[in-house]
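Student: Quick one, fold the following:
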Amino acid sequence: MIRSGALWLTVSLVCTAASAQAQTVPPIPKPFPTAGARPVTPSPQTVPDDARELPAYPAATFLETIDAGKGQQYYLYGTDTPYEDIVTYYKTTLNNGGRVIFQGPMMHQFELGRFREETMAYPPSVVVKDYTWDGAEGYLHVLGTTSVRYRTIIQIVPAQAR
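Tutor: Numbers count the residues shown, from 1 in each chain. Below you'll find the predicted structure:
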(Lines give C-alpha, C1' and ligand atoms only; values in the text may rest on other atoms or scores of the structure.)
Protein backbone atom coordinates (compact mmCIF):
# COMPACT_ATOMS: atom_id res chain seq x y z
CA MET A 1 0.00 0.00 0.00
CA ILE A 2 2.86 2.35 0.74
CA ARG A 3 4.23 1.81 -2.75
CA SER A 4 0.92 2.55 -4.41
CA GLY A 5 0.46 5.65 -2.21
CA ALA A 6 3.94 6.86 -3.11
CA LEU A 7 3.25 6.22 -6.79
CA TRP A 8 -0.05 8.07 -6.58
CA LEU A 9 1.69 11.03 -4.84
CA THR A 10 4.42 11.12 -7.49
CA VAL A 11 1.89 11.03 -10.35
CA SER A 12 -0.17 13.71 -8.63
CA LEU A 13 2.86 16.01 -8.21
CA VAL A 14 3.94 15.54 -11.83
CA CYS A 15 0.41 16.31 -13.10
CA THR A 16 0.15 19.39 -10.87
CA ALA A 17 3.54 20.67 -12.08
CA ALA A 18 2.61 20.06 -15.72
CA SER A 19 -0.71 21.79 -15.25
CA ALA A 20 0.92 24.82 -13.64
CA GLN A 21 3.53 24.97 -16.40
CA ALA A 22 0.84 24.84 -19.10
CA GLN A 23 -0.96 27.81 -17.53
CA THR A 24 2.11 30.04 -17.38
CA VAL A 25 1.76 32.99 -19.74
CA PRO A 26 4.99 33.81 -21.60
CA PRO A 27 6.18 37.41 -21.18
CA ILE A 28 5.34 39.82 -23.97
CA PRO A 29 8.47 41.20 -25.63
CA LYS A 30 8.85 44.95 -25.27
CA PRO A 31 11.29 47.31 -26.96
CA PHE A 32 14.30 48.34 -24.95
CA PRO A 33 13.90 51.83 -23.51
CA THR A 34 16.44 54.30 -24.79
CA ALA A 35 17.24 57.40 -22.82
CA GLY A 36 16.37 60.60 -24.64
CA ALA A 37 15.13 58.80 -27.76
CA ARG A 38 13.20 61.04 -30.14
CA PRO A 39 10.98 59.90 -32.99
CA VAL A 40 12.58 60.13 -36.40
CA THR A 41 10.57 62.19 -38.86
CA PRO A 42 10.66 60.74 -42.36
CA SER A 43 11.23 63.09 -45.23
CA PRO A 44 7.85 64.01 -46.70
CA GLN A 45 7.06 62.44 -50.02
CA THR A 46 6.67 64.67 -53.03
CA VAL A 47 3.10 65.86 -53.39
CA PRO A 48 1.73 64.64 -56.75
CA ASP A 49 0.79 67.34 -59.25
CA ASP A 50 -2.89 66.37 -59.17
CA ALA A 51 -2.95 66.84 -55.38
CA ARG A 52 -1.40 70.33 -55.36
CA GLU A 53 -4.74 72.08 -55.91
CA LEU A 54 -6.53 70.20 -53.13
CA PRO A 55 -7.53 71.94 -49.92
CA ALA A 56 -4.66 70.57 -47.82
CA TYR A 57 -3.99 72.12 -44.43
CA PRO A 58 -0.85 74.29 -44.87
CA ALA A 59 1.13 72.77 -41.97
CA ALA A 60 0.23 69.16 -42.86
CA THR A 61 2.77 66.70 -44.22
CA PHE A 62 1.84 64.78 -47.36
CA LEU A 63 2.07 61.06 -46.49
CA GLU A 64 0.87 59.04 -49.47
CA THR A 65 -1.49 58.51 -52.37
CA ILE A 66 -3.86 55.55 -52.05
CA ASP A 67 -5.69 53.81 -54.90
CA ALA A 68 -9.36 53.83 -53.87
CA GLY A 69 -10.60 51.79 -56.83
CA LYS A 70 -12.90 52.77 -59.69
CA GLY A 71 -10.20 55.10 -61.02
CA GLN A 72 -10.14 57.19 -57.82
CA GLN A 73 -7.26 58.07 -55.58
CA TYR A 74 -7.18 59.74 -52.22
CA TYR A 75 -4.40 61.55 -50.45
CA LEU A 76 -3.33 61.27 -46.82
CA TYR A 77 -1.80 64.12 -44.86
CA GLY A 78 -0.62 64.07 -41.26
CA THR A 79 -0.26 66.87 -38.75
CA ASP A 80 0.37 67.38 -35.06
CA THR A 81 -2.20 70.15 -35.00
CA PRO A 82 -5.11 69.15 -32.74
CA TYR A 83 -8.19 67.65 -34.38
CA GLU A 84 -10.47 70.50 -33.27
CA ASP A 85 -8.19 73.09 -34.90
CA ILE A 86 -8.14 71.19 -38.20
CA VAL A 87 -11.94 70.88 -38.22
CA THR A 88 -12.24 74.63 -37.54
CA TYR A 89 -9.78 75.35 -40.38
CA TYR A 90 -11.85 73.33 -42.87
CA LYS A 91 -15.16 74.83 -41.66
CA THR A 92 -13.72 78.26 -42.42
CA THR A 93 -11.82 77.39 -45.61
CA LEU A 94 -14.59 75.36 -47.25
CA ASN A 95 -17.33 77.61 -45.87
CA ASN A 96 -19.45 74.72 -44.63
CA GLY A 97 -19.90 72.96 -41.32
CA GLY A 98 -19.41 69.45 -42.64
CA ARG A 99 -20.74 66.64 -40.50
CA VAL A 100 -19.54 64.43 -37.69
CA ILE A 101 -19.16 60.84 -38.93
CA PHE A 102 -18.06 59.25 -35.62
CA GLN A 103 -17.90 60.45 -32.02
CA GLY A 104 -15.18 58.05 -30.99
CA PRO A 105 -12.71 58.24 -32.49
CA MET A 106 -13.75 61.67 -33.70
CA MET A 107 -14.14 61.94 -37.48
CA HIS A 108 -15.52 64.89 -39.43
CA GLN A 109 -16.36 64.96 -43.16
CA PHE A 110 -16.63 67.91 -45.55
CA GLU A 111 -18.17 67.13 -48.94
CA LEU A 112 -16.38 68.39 -52.06
CA GLY A 113 -18.80 67.13 -54.68
CA ARG A 114 -21.56 64.71 -55.56
CA PHE A 115 -21.04 60.99 -54.97
CA ARG A 116 -21.74 58.79 -58.00
CA GLU A 117 -21.86 55.16 -56.85
CA GLU A 118 -21.44 53.76 -60.38
CA THR A 119 -18.13 55.59 -60.96
CA MET A 120 -16.77 56.30 -57.47
CA ALA A 121 -15.49 54.26 -54.56
CA TYR A 122 -15.55 57.22 -52.14
CA PRO A 123 -17.46 60.50 -52.07
CA PRO A 124 -15.34 63.54 -52.96
CA SER A 125 -14.53 64.92 -49.52
CA VAL A 126 -12.10 65.94 -46.82
CA VAL A 127 -12.20 63.63 -43.80
CA VAL A 128 -10.42 64.63 -40.59
CA LYS A 129 -9.71 61.95 -37.96
CA ASP A 130 -8.39 62.28 -34.41
CA TYR A 131 -5.75 59.57 -33.89
CA THR A 132 -5.10 60.56 -30.26
CA TRP A 133 -8.64 59.82 -29.13
CA ASP A 134 -8.93 57.86 -25.89
CA GLY A 135 -5.18 58.13 -25.20
CA ALA A 136 -3.95 56.63 -28.49
CA GLU A 137 -0.38 57.53 -29.50
CA GLY A 138 -1.31 58.81 -32.95
CA TYR A 139 -1.29 57.51 -36.52
CA LEU A 140 1.92 55.60 -37.22
CA HIS A 141 3.31 56.38 -40.66
CA VAL A 142 6.29 54.32 -41.80
CA LEU A 143 8.43 55.40 -44.72
CA GLY A 144 11.35 53.08 -45.39
CA THR A 145 13.12 52.53 -42.10
CA THR A 146 11.80 55.64 -40.38
CA SER A 147 8.49 56.28 -38.73
CA VAL A 148 6.55 59.12 -37.15
CA ARG A 149 3.21 59.48 -35.39
CA TYR A 150 0.65 62.16 -36.25
CA ARG A 151 -2.12 63.42 -33.98
CA THR A 152 -4.52 64.17 -36.81
CA ILE A 153 -4.91 62.62 -40.27
CA ILE A 154 -6.55 64.40 -43.20
CA GLN A 155 -7.88 62.27 -46.07
CA ILE A 156 -8.73 64.15 -49.25
CA VAL A 157 -10.76 62.49 -51.99
CA PRO A 158 -10.90 64.88 -54.96
CA ALA A 159 -13.86 65.11 -57.30
CA GLN A 160 -13.12 63.18 -60.47
CA ALA A 161 -12.66 65.22 -63.63
CA ARG A 162 -14.98 63.63 -66.20
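
Student: Show me the shaky parts of this protein.
Tutor: 1-52, 160-162 (pLDDT under 70).

Student: And the helices in it?
Tutor: 2-23, 83-93 (DSSP state H).

Student: And the contacts of the shortest one?
Tutor: Around helix 83-93, the neighbours that count as contacts under Cβ atoms under 8 Å, 6 or more residues apart in numbering are 55, 57, 79, 97-98, 106, 108, 110, 126, 128-130, 132-133, 151-152, 154. For glycine as for every other residue, the C-beta is placed from the backbone atoms N, C-alpha and C.

Student: Restricted to strands, list the residues you listed.
Tutor: Among those, the ones falling in strands (DSSP state E) are 79, 106, 108, 110, 126, 128, 129, 130, 152, 154.

Student: In CSV: the residues you listed, plus distance to residue 61.
Tutor: Output for these, formatted as CSV (distance: Cβ to Cβ, whole Å):
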residue, distance to residue 61
79, 7
106, 20
108, 19
110, 20
126, 16
128, 15
129, 15
130, 17
152, 11
154, 10
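
Student: Now do stretch 122-142: distance from first to last residue.
Tutor: Start-to-end span of stretch 122-142 (Cα to Cα, to the nearest Å) is 24 Å.

Student: buried residues in it?
Tutor: 122-132, 138-139, 141 (16 or more other Cβ atoms under 10 Å).

Student: gap between residue 114 and residue 59?
Tutor: 30 Å (Cβ to Cβ, to the nearest Å).

Student: Pick out whichever of those two has more residues nearby.
Tutor: Shown here are residue 114 and residue 59; by other Cβ atoms under 10 Å, residue 59 has more neighbours (12 against 9).
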